[in-house]
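1. following is a predicted model, sequence given first.
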Amino acid sequence: TGPAPLPPLTMIPDSLRSLRDYERQAEAHMPAASWRHVQSGAGAETTLAANRAQFDRHRLVPRALADMRGATTGLDLFGLRHAAPILLAPVAYHRLAHPDGELATVSAATALETTMVVSTLSSVPLEDIAARARAVASELAMAPPPLWFQLYLQPDRGHTAELVRRAEAAGYQVLVFTVDAGVKRSGFALPPGVDAANLRGMPVLSQSASVAGGRMIFGTALLDAAPTWESLDWLRGITRLPIVVKGLLSPADARMAAGRGADGIIVSNHGGRVLDGLATPLDVLPAMAEAVDGKVPLLLDSGVREATDVLKALALGARAVLIGRPQIHALAVAGMQGVAHALHILRTELELAMAQVGCPSLAAIARGDLLMGSGSN
Ligand code: FNR
């Protein structure tokens, strides 16, 4: 059990200047079991480590003397304006990190014009999160950034359809269909007072169908509940919201998803949490981009920790990236203020990095001469 976690800070000290600083500080602010749950990867964690190494392998080659007047980090995705190519990845149970949970995260995200992808396994009801986003935006007299909802297929189609309908009614504008965690081992038990707030009254297997310990799974109900291509067809048939399939690493799957009505793809290995030994998103991104040939946007997550990671992902074919664990680190350290500060750090890092490599727009990053070995023009 160890020492009790420190309470969240109420003032941000000067020592916190990067997402790494927040990560180092966060352990002291979380119960040991929750910290391990958030940080850990599957197996020997080689994929988790590779997620960082993938970014470090690439080096940027700046273009000098670029005209940066009118520079912007903005982009359109599915007809919706996003202020920067950095989104908050769906992460379950924010109340593991802070008592305000997702309400704190969405307040910070809204103020910083950042899209939050709310998890099926949020520890605050999805309607309350959307209402908080609207309240914060109206207080700041700004248009709220688009909110996205992440869907885990439930064993019962009726329950899944109900989640979709609730997300639509609450004003979520994009659905993220996560397909890489249908079968996943986890020995983590939620502490008292934290639950899957959207799934109250639904069967417990719905909690992303985790298998504890070393049980056999073939022939069990677990596999019956895991999503298939047919589930994507079904989902396409019950909603008009854009659907982004999360958790693909295969170019053939990317082509298949685009052909079956997906509007976007998140290239991801789930932060190294599902199966050790998986490829990293950056490894496969160029082949994925070739496979979809511009038909749908590719997003990427797993290991993004600083602005130069964003540049590298965009240079290799992603339109935007998502960050997972860092939002939990910032939330644990300093609640809403911490998340707002962490997002501010990333946004300012991104503008600085774009200026330093001579890219006044995301399109300039995507042009493809920013990385070593990519040739010059
Ligand atoms: C996740 N992730 C995840 N994904 C999803 O689609 N639904 C979910 O509920 C969760 N829950 C979740 C909990 C925790 C504690 C972690 C760390 C991750 C995966 C997440 O969306 C994302 O793919 C990774 O976190 C990205 O990697 P980084 O940024 O954490 O390295």
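-> Looks like it came in fine. Numbers count the residues shown, from 1 in each chain.
2. can you list the low-confidence ranges for this structure?
-> The chain contains residues with pLDDT under 70 at 1, 204-214, 374-377.
3. helices along that one, start to end?
-> In the chain, the segments counted as helices under DSSP state H are 19-26, 32-39, 46-57, 101-111, 126-139, 157-169, 221-225, 229-238, 251-259, 281-292, 307-315, 325-357, 362-366.
4. next, the buried residues of stretch 128-139.
-> Asp128, Ile129, Ala130, Arg132, Ala133, Val136, Ala137 (16 or more other C-beta atoms under 10 Å). (Glycine included, C-beta is placed from N, CA and C.)
5. then stretch 110-120?
-> Neighbour counts using 16+ other C-beta under 10 Å place Thr110, Ala111, Leu112, Glu113, Thr114, Thr115, Met116, Val117, Val118, Ser119, Thr120 of stretch 110-120 among the buried residues.
6. circling back: for the buried residues of stretch 128-139, which one is nearest Gly41?
-> Using C-beta to C-beta, Ile129 is the member of the buried residues of stretch 128-139 that lies nearest Gly41, at 27.0 Å.
7. so the closest one sits against Ser122, correct?
-> Yes - at 6.4 Å, Ile129 counts as touching Ser122 under the criterion of C-beta atoms under 8 Å.
8. follow-up on the earlier one: need the helices of the chain in TSV (columns: distance to the ligand).
-> Formatted as TSV, these follow (distance: least, C-beta to the nearest ligand atom, whole Å):
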stretch	distance to the ligand
helix 19-26	10
helix 32-39	4
helix 46-57	6
helix 101-111	11
helix 126-139	12
helix 157-169	13
helix 221-225	15
helix 229-238	14
helix 251-259	15
helix 281-292	9
helix 307-315	10
helix 325-357	4
helix 362-366	20
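9. any idea which of these is most buried?
-> Across these, averaging neighbours per residue (mean count of other C-beta atoms under 10 Å) puts helix 101-111 on top, at a mean of 26.
10. where does that helix sit relative to the chain's centre, distance-wise?
-> What separates the centre of helix 101-111 from the centre of its chain is 14 Å, taken as C-alpha atoms, centre = their mean, to the nearest Å.
11. stretch 46-62 now?
-> With C-alpha atoms, centre = their mean, you get 18 Å for stretch 46-62.
12. what's the answer for stretch 307-319, then?
-> 15 Å.
13. the one residue in the stretch 151-300 of the chain that gets nearest to the ligand and Asp224, how far apart?
-> When scored by C-beta to the nearest ligand atom, the stretch 151-300 of the chain has Gly271 as its residue closest to the ligand, at 2.8 Å. The spacing between Gly271 and Asp224, counted by C-beta to C-beta, to the nearest Å, is 26 Å.
14. equivalent analysis for Ala252, please.
-> Going from Ala252 to Asp224 by C-beta to C-beta gives 25 Å.
15. nearest to the ligand, of the buried residues of stretch 110-120?
-> Of the buried residues of stretch 110-120, the one sitting nearest to the ligand (C-beta to the nearest ligand atom) turns out to be Ser119, at 3.6 Å.
16. how many residues are close by the nearest residue to Asp21 once chain neighbours are set aside?
-> Closest residue to Asp21 apart from its sequence neighbours, by C-beta to C-beta, 6 or more residues apart in numbering: Ser15 at 6.4 Å. Counted with other C-beta atoms under 10 Å, residues neighbouring Ser15 total 8.
17. look up how far Gln25 lies from Ser15.
-> Using C-beta to C-beta, Ser15 is found at 8 Å from Gln25.
18. please apply the same query to Leu77.
-> Leu77 is 32 Å from Gln25, by C-beta to C-beta.
19. who touches both of Ile129 and Ser122?
-> Residues touching both Ile129 and Ser122 (C-beta atoms under 8 Å, 6 or more residues apart in numbering): Glu102.
20. which residue would be the closest one in the stretch 251-377 of the chain to the ligand?
-> Gly324 (2.0 Å).
21. in contact with that residue, which residues?
-> By C-beta under 8 Å, 6+ apart, the contact list for Gly324 reads Ala89, Val91, Gly271, Asp301, Ser302.
22. ok, and the closest non-adjacent residue to it?
-> In space, Gly324 is closest to Ala89, 4.1 Å off (C-beta to C-beta, 6+ apart).
23. what's the local residue count around the one you found?
-> Count around Ala89 with other C-beta under 10 Å applied: 25.
24. same check, this time on Asp293
-> Residues within reach of Asp293, counting by other C-beta under 10 Å, total 10.
25. span of stretch 319-331 from start to end?
-> Start-to-end span of stretch 319-331 (C-alpha to C-alpha, to the nearest Å) is 26 Å.
26. do the same with stretch 8-19
-> Terminal-residue distance, stretch 8-19 (C-alpha to C-alpha): 16 Å.
27. again with stretch 65-77
-> End to end - C-alpha to C-alpha - stretch 65-77 spans 30 Å.
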